[in-house]
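**Student:** got a structure for you, letters missing:
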């Protein structure tokens with residue numbers, strides 16, 4: 001969550017935190033986030049594609065509350081796949097995440113995030129704007145050992161229509177350990193800096209903290225091999241080169257199955273030429289594991 005630029009707001013946050021004034025702190029946080037959240041959920045669709053290298057499914061892309069054009073792909077998928085409107089998303093920002101547009105359309109589910117303020121703000125905002133939805137918010141860091149307990153503890157046989165993960169680091173290892181038998185669609189971030197032809201993944205590290213240097217996650221080919229083994233097919237790579245979408249094989253006939261090499265798209269749309277060059281150089285020197 002971005003820090004407030006207003007001195008008074010920063011001072012109120014500090015005082016309420018220091019003296020454990022929890023109710024007041026939550027109220028200030030709610031008011032601080034209210035306007036930006038409301039603007040985001042009320043905004044019009046944007047359908048600008050971020051790449052000229054597109055597949056047929058990319059023509060359905062649009063953005064409302066997702067970081068890029070994930071909203072349109074998600075909408076397209078669930079117009080075709082039968083569902084009970086239930087999601088689980090790991091890693092989110094209070095006003096910008098893949099499941100927020102689903103919540104706006106009556107979906108229920110779970111949100112899991114390690115940053116406490118993101119959880120507090122999101123909980124109060126969803127309760128205010130979407131009082132009829134049932135959203136469980138868990139403030140905890142996800143790792144390969146606790147993933148199944150966090151997601152399935154209360155109902156081991158729960159069917160998850162849409163599962164999204166974006167934790168900027170150990171995504172591959174979490175997915176590898178997660179039980180995906182009852183998941184219909186997986187949305188996962190891939191590391192576009194690793195290119196279209198490599199099967200590379202960051203070594204598992206629970207202490208990893210993301211910085212914009214390209215050292216995170218896994219290449220699309222590495223994720224594709226993992227998820228294909230787990231019974232999924234690639235059906236979309238969002239045009240910004242950020243997220244890939246996989247569906248359970250029983251639903252693959254409803255879509256065009258894609259090649260990860262041919263449908264890979266470059267990312268880094270927020271990086272200028274100088275930043276991109278530095279990231280590429282760092283990636284070339286970093287310790288990634290090669291998946292066989």
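**Tutor:** Sure, I can see it. These numbers were taken from a predicted model, which means no experiment stands behind them. Residues are numbered from 1 along each chain as shown.
**Student:** now stretch 258-278: mean pLDDT?
**Tutor:** Stretch 258-278 carries an average pLDDT of 94.
**Student:** measure that stretch end to end?
**Tutor:** One end of stretch 258-278 sits 31 Å from the other (Cα to Cα, to the nearest Å).
**Student:** who's in contact with it?
**Tutor:** 50-51, 53, 55, 68, 192-193, 195-197, 212-213, 220-221, 223-224, 234-242, 244, 279 (Cβ atoms under 8 Å, 6 or more residues apart in numbering). (C-beta placed from N, C-alpha, C; glycine too.)
**Student:** Stretch 44-56 now?
**Tutor:** Residues from elsewhere that reach stretch 44-56, judged by Cβ under 8 Å, 6+ apart: 58, 61-64, 68-69, 71-72, 236-237, 239-241, 256, 258, 263, 265-266, 269.
**Student:** Name only those of these that count as buried.
**Tutor:** 58, 61-64, 68-69, 71-72, 236-237, 239-241, 258, 263, 265 (16 or more other Cβ atoms under 10 Å).
**Student:** Sort out which of those residues are in strands and list them.
**Tutor:** Of the buried ones among the contacts of stretch 44-56, the ones assigned to strands by DSSP state E are 236-237.
**Student:** Just the ones in helices from the buried ones among the contacts of stretch 44-56, please.
**Tutor:** Counting by DSSP state H, the buried ones among the contacts of stretch 44-56 place 71-72, 263 in helices.
**Student:** TSV for these, including distance to residue 39?
**Tutor:** Shown next, in TSV, are those (distance: Cβ to Cβ, whole Å):
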residue	distance to residue 39
71	16
72	19
263	33
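**Student:** Quickly name whichever of these is closest to residue 118.
**Tutor:** Set against residue 118, the nearest of those by Cβ to Cβ is residue 71 (19.4 Å).
**Student:** how far away is that closest one from residue 176?
**Tutor:** From residue 71 across to residue 176, the span is 27 Å (Cβ to Cβ, to the nearest Å).
**Student:** re the thing from before, can you flag the buried ones in the contacts of stretch 258-278?
**Tutor:** Buried among the contacts of stretch 258-278 (16+ other Cβ under 10 Å): 50, 55, 68, 192-193, 195-196, 220-221, 223-224, 234-242, 244, 279.
**Student:** so which of the ones in helices among the buried ones among the contacts of stretch 44-56 comes closest to residue 121?
**Tutor:** For those, the nearest to residue 121 is residue 71 (20.5 Å; Cβ to Cβ).
**Student:** Helices of the stretch 101-250 of the chain, start to end?
**Tutor:** 116-129, 147-152, 171-177, 220-229 (DSSP state H, counting those that start in this stretch).
**Student:** Mind putting those helices into TSV with mean pLDDT and distance to residue 86?
**Tutor:** Below are these laid out as TSV (pLDDT from 0 to 100; distance: least, Cβ to Cβ, whole Å):
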stretch	mean pLDDT	distance to residue 86
helix 116-129	95	15
helix 147-152	95	12
helix 171-177	98	19
helix 220-229	98	20
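**Student:** can you list the ones you listed in a markdown table and add distance to residue 43?
**Tutor:** What follows is the helices of the stretch 101-250 of the chain, written out as a markdown table (distance: least, Cβ to Cβ, whole Å):
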| stretch | distance to residue 43 |
| --- | --- |
| helix 116-129 | 14 |
| helix 147-152 | 30 |
| helix 171-177 | 28 |
| helix 220-229 | 29 |
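**Student:** Just list what the helix ranked longest in the chain packs against, helices and strands only.
**Tutor:** Longest helix in the chain by number of residues (criterion: DSSP H): helix 22-42. On a contact count with 3 or more Cβ pairs under 8 Å, 6 or more residues apart in numbering; DSSP states H and E, helix 22-42 meets helix 7-18, helix 100-104, helix 116-129.
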